[in-house]
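Participant: no sequence on hand, only this structure:
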Ligand SMILES: C[S@@+](CC[C@H](N)C(=O)[O-])C[C@H]1O[C@@H](n2cnc3c(N)ncnc32)[C@H](O)[C@@H]1O
């Protein structure tokens with residue numbers, strides 16, 4: 001409870017923290033943080049949920065198998081430390097000292113988190129009693145290790161090995177690493193340190209078999225990145241940990257990875273729980289749209305049991321796959337004009353074991369061979385760019401929208417992903433419809449562009465763009481025919497941004 005967090009003896013605060021479950025953070029693509037915040041609350045019953053750009057923090061006692069089901073996050077970490085940004089000074093020495101202090105302050109916290117990590121990994125989520133009064137064998141081992149290590153006089157030479165990996169994994173939208181901002185696809189530097197105490201003739205410690213290997217991966221941006229490289233930070237953190245706990249360094253196959261993320265917003269340290277990003281779906285053979293975005297779109301469509309759901313430009317079927325995995329009680333239809341895309345979708349559906357849930361059909365979105373008002377939800381990623389040779393077809397957007405509107409039942413939802421160009425175009429379309437003062441358009445007769453105003457995640461007021469957790473701030477609505485705009489969400493596609501539009505059909509098309 002919040003009341004306990006600030007005060008009380010330290011041992012009780014720690015016991016309360018454990019009773020409440022583990023504290024985690026999960027990285028998310030820009031714009032998906034509110035989706036992930038909602039998901040951890042709903043799926044994991046998480047509490048103390050808060051987020052900043054690119055990260056969602058939460059507390060849960062969910063088991064590892066449940067944590068693995070998160071669909072809108074990228075990488076999941078057990079939180080070791082979250083602090084304010086480190087004070088930046090021009091002196092490298094001072095900065096490195098700050099980093100060592102950050103790493104080593106409250107070493108007991110390391111024991112708690114690593115015990116939680118071992119329990120999660122070792123027993124697939126079975127909870128051990130890790131209270132202060134009755135420490136688990138695992139935690140006792142760690143305490144022994146720490147005591148032995150601090151007693152040990154070490155004369156280590158440090159060898160640094162550096163490699164790089166892309167944080168967001170093999171997503172198709174993974175951007176070129178950007179060191180200036182804390183992007184979702186960023187280069188990380190791993191620094192490792194070899195303890196050469198054995199080769200220097202020192203006797204191996206008694207409990208060496210309990211020790212484990214580790215490596216540090218560091219990502220930094222903002223003011224600190226102007227003073228220190230991520231290698232220097234990772235190295236300082238690694239040496240400090242090695243001296244403190246006596247762990248072995250191993251870049252290639254460590255037992256434990258420690259992530260250090262330093263920027264102008266915060267200083268965060270964590271232990272990743274899974275080797276691969278959560279966004280890498282094992283059930284998707286060939287990736288199309290990024291799975292986290294596909295899932296977020298489907299989550300907006302309000303798919304109920306026995307609903308009929310259509311993607312009329314389904315491509316490889318990612319949206320349908322994500323929706324059918326999460327809401328298997330609905331029926332799904334994918335349409336596309338391209339044979340090769342349909343073949344890819346078919347292979348994906350078979351691999352995912354969803355052939356009894358998803359049907360495919362070759363047709364054009366401009367003339368759907370489907371009865372009017374036959375679907376409860378239409379979800380689609382509207383093509384753009386050279387790949388789909390549809391750049392000049394932005395003027396076809398009203399036709400596409402009209403056909404989607406026709407096949408949708410009253411009360412149903414349309415969820416679309418639009419490029420920036422199409423987003424501008426859509427603005428024009430909805431404005432002009434409004435200016436015609438459609439009888440259904442705006443209940444109070446207003447002719448202003450939009451209703452949707454919300455705070456975006458950086459706290460700036462951003463008209464049109466809505467946070468998934470924010471209510472509308474105005475009752476005025478933007479319409480296209482019988483479709484009422486229900487929200488716009490800006491999301492990152494790596495190098496570019498795109499916009500998720502949600503509409504609800506409020507009356508029969510054309511009325
Ligand atoms: C952006 S892609 C969809 C990607 C898809 N969401 C995925 O994950 O693979 C757009 C799709 O629209 C299809 N398309 C283009 N024009 C079309 C039309 N007139 N009717 C139906 N599909 C069309 C393209 O073949 C392409 O597969």
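Facilitator: Perfect, I can see it now. Note that this is a predicted model, so its numbers are computed, not measured. Numbers count the residues shown, from 1 in each chain.
Participant: neighbours around the residue lying closest to residue 353 once chain neighbours are set aside, how many?
Facilitator: Leaving aside its sequence neighbours, residue 353 sits nearest to residue 283 (CB to CB, 6 or more residues apart in numbering; 7.4 Å). Every C-beta, even on glycine, is put in place using the N, C-alpha and C of the backbone. Residue neighbour count, defined by other CB atoms under 10 Å, stands at 13 for residue 283.
Participant: same question, residue 379
Facilitator: Residues lying near residue 379 (other CB under 10 Å) number 29.
Participant: three-state assignment of the residue nearest to residue 353?
Facilitator: At residue 283, secondary structure determined by DSSP: H, G, I helix; E, B strand; the rest coil is coil.
Participant: quick one: residue 499 from the ligand, how far?
Facilitator: Separation of residue 499 from the ligand (CB to the nearest ligand atom, to the nearest Å) stands at 14 Å.
Participant: that residue - that's part of a helix, no?
Facilitator: No - under the criterion used here (three-state DSSP), residue 499 is strand, not part of a helix.
Participant: isn't residue 286 up against residue 350?
Facilitator: No - in this structure, residue 286 is not within contact of residue 350 by CB atoms under 8 Å, at 11.6 Å.
Participant: show me what contacts residue 308?
Facilitator: Contacts of residue 308 were listed using CB atoms under 8 Å, 6 or more residues apart in numbering, and they are 330, 331, 333, 374, 375, 376, 377.
Participant: now do residue 506
Facilitator: Counting by CB under 8 Å, 6+ apart, residue 506 touches 410, 411, 440, 479, 482, 483, 484.
Participant: ok, now how distant is it from the ligand?
Facilitator: For residue 506, the distance to the ligand (CB to the nearest ligand atom) stands at 26 Å.
Participant: quick one: pLDDT of that residue?
Facilitator: In this model, residue 506 is scored at 94, pLDDT.
Participant: what do you get for residue 280?
Facilitator: In this model, residue 280 is scored at 95, pLDDT.
Participant: now do the SS call for it.
Facilitator: Following three-state DSSP, we place residue 280 in the coil state.
Participant: how about the residue of the stretch 251-400 of the chain at minimum distance from the ligand, nearest residue that isn't a chain neighbour?
Facilitator: Distance from the ligand to each residue of the stretch 251-400 of the chain (CB to the nearest ligand atom) is smallest for residue 288, at 2.1 Å. Excluding the flanking residues, the one nearest residue 288 by CB to CB, 6+ apart is residue 316, at 3.6 Å.
Participant: can you tell me which residues contact that neighbour?
Facilitator: Contacts for residue 316 (CB under 8 Å, 6+ apart) come out as 286, 287, 288, 341, 344, 345, 348.
Participant: ok, the third one touching residue 317?
Facilitator: This points to residue 288. Yes - taking contacts as CB under 8 Å, residue 288 lies within contact range of residue 317: 7.1 Å.
Participant: quick check: the nearest residue to residue 86 once chain neighbours are set aside vs the ligand, distance?
Facilitator: Counting by CB to CB, 6+ apart, the nearest residue to residue 86 once its immediate chain neighbours are dropped is residue 98, at 4.8 Å. The gap separating residue 98 from the ligand is 45 Å, by CB to the nearest ligand atom.
Participant: and what of residue 32?
Facilitator: Taking CB to the nearest ligand atom, one finds residue 32 at 16 Å from the ligand.
Participant: ok, now residue 415?
Facilitator: Distance of residue 415 to the ligand, computed by CB to the nearest ligand atom: 12 Å.
Participant: with residue 212 instead?
Facilitator: Residue 212 is 40 Å from the ligand, where distance means CB to the nearest ligand atom.
Participant: check contacts around that residue.
Facilitator: Counting by CB under 8 Å, 6+ apart, residue 212 touches 247, 248, 254, 255, 256.
Participant: follow-up on the earlier one: which among the contacts of residue 506 gets closest to the ligand?
Facilitator: Using CB to the nearest ligand atom, residue 483 is the member of the contacts of residue 506 that lies nearest the ligand, at 19.2 Å.
Participant: hmm, the closest one is touching residue 501, no?
Facilitator: No - when contacts are counted by CB under 8 Å, residue 483 is not listed as touching residue 501 (9.5 Å).
Participant: who touches both of these two?
Facilitator: Common neighbours of residue 483 and residue 501 (CB under 8 Å, 6+ apart) are residue 414.
Participant: buried set for stretch 481-493?
Facilitator: 481-493 (16 or more other CB atoms under 10 Å).
Participant: quick check: the farthest pair among the residues you listed?
Facilitator: Using CB to CB, these span at most 31.4 Å, a distance reached by 482 and 492.
Participant: looking at residue 286 and residue 350, which is more packed in?
Facilitator: Using other CB under 10 Å as the criterion, residue 286 and residue 350 rank with residue 286 on top: 14 against 11.
Participant: that one: what's it in contact with?
Facilitator: Residue 286 sits in contact with 316, 344, 347, 348, where contact means CB under 8 Å, 6+ apart.
Participant: report the beta-bridge partner residues of residue 502.
Facilitator: residue 415, residue 487 (DSSP bridges).
Participant: surely it and residue 487 touch.
Facilitator: Yes - judged on CB under 8 Å, residue 502 makes contact with residue 487 at a distance of 4.6 Å.
Participant: where do the contact lists of the two overlap?
Facilitator: By CB under 8 Å, 6+ apart, the residues touching both residue 502 and residue 487 are residue 300.
Participant: tell me which element residue 413 is part of?
Facilitator: In this structure, residue 413 is located in strand 408-419 according to DSSP states H and E.
Participant: residue 288 and residue 317: which is more packed in?
Facilitator: Set residue 288 next to residue 317 and count neighbours by other CB under 10 Å: residue 317 wins out with 31 against 20.
Participant: check what pLDDT the more buried one gets.
Facilitator: 98.
Participant: go on, residue 50?
Facilitator: 96.
Participant: which non-adjacent residue is nearest it?
Facilitator: In space, and not counting its chain neighbours, residue 50 is closest to residue 57: 5.4 Å by CB to CB, 6+ apart.
Participant: against residue 215, how distant is the one you found?
Facilitator: Using CB to CB, to the nearest Å, residue 57 is found at 24 Å from residue 215.
Participant: with residue 478 instead?
Facilitator: For residue 478, the distance to residue 215 equals 51 Å [CB to CB].
Participant: repeat that for residue 53.
Facilitator: The spacing between residue 53 and residue 215, counted by CB to CB, is 26 Å.
Participant: more neighbours, these two?
Facilitator: For the pair residue 53 and residue 215, the greater number of neighbours falls to residue 215 (24 against 17), based on other CB under 10 Å.
Participant: report how many residues lie close to residue 222.
Facilitator: 16.
Participant: to clarify, my last question referred to residue 327.
Facilitator: Using other CB under 10 Å, residue 327 has 20 other residues around it.
Participant: just the pLDDT for the nearest residue to it once chain neighbours are set aside.
Facilitator: Leaving aside its chain neighbours, residue 327 sits nearest to residue 303 (4.3 Å; criterion: CB to CB, 6+ apart). If you check residue 303, the pLDDT there is 98.
Participant: quick one: residue 303 from residue 506, how far?
Facilitator: Distance check for residue 303 against residue 506: by CB to CB, it reads 19 Å.
Participant: how about residue 357?
Facilitator: 29 Å.
Participant: can you check residue 72 too?
Facilitator: In terms of CB to CB, residue 72 sits 28 Å off from residue 506.
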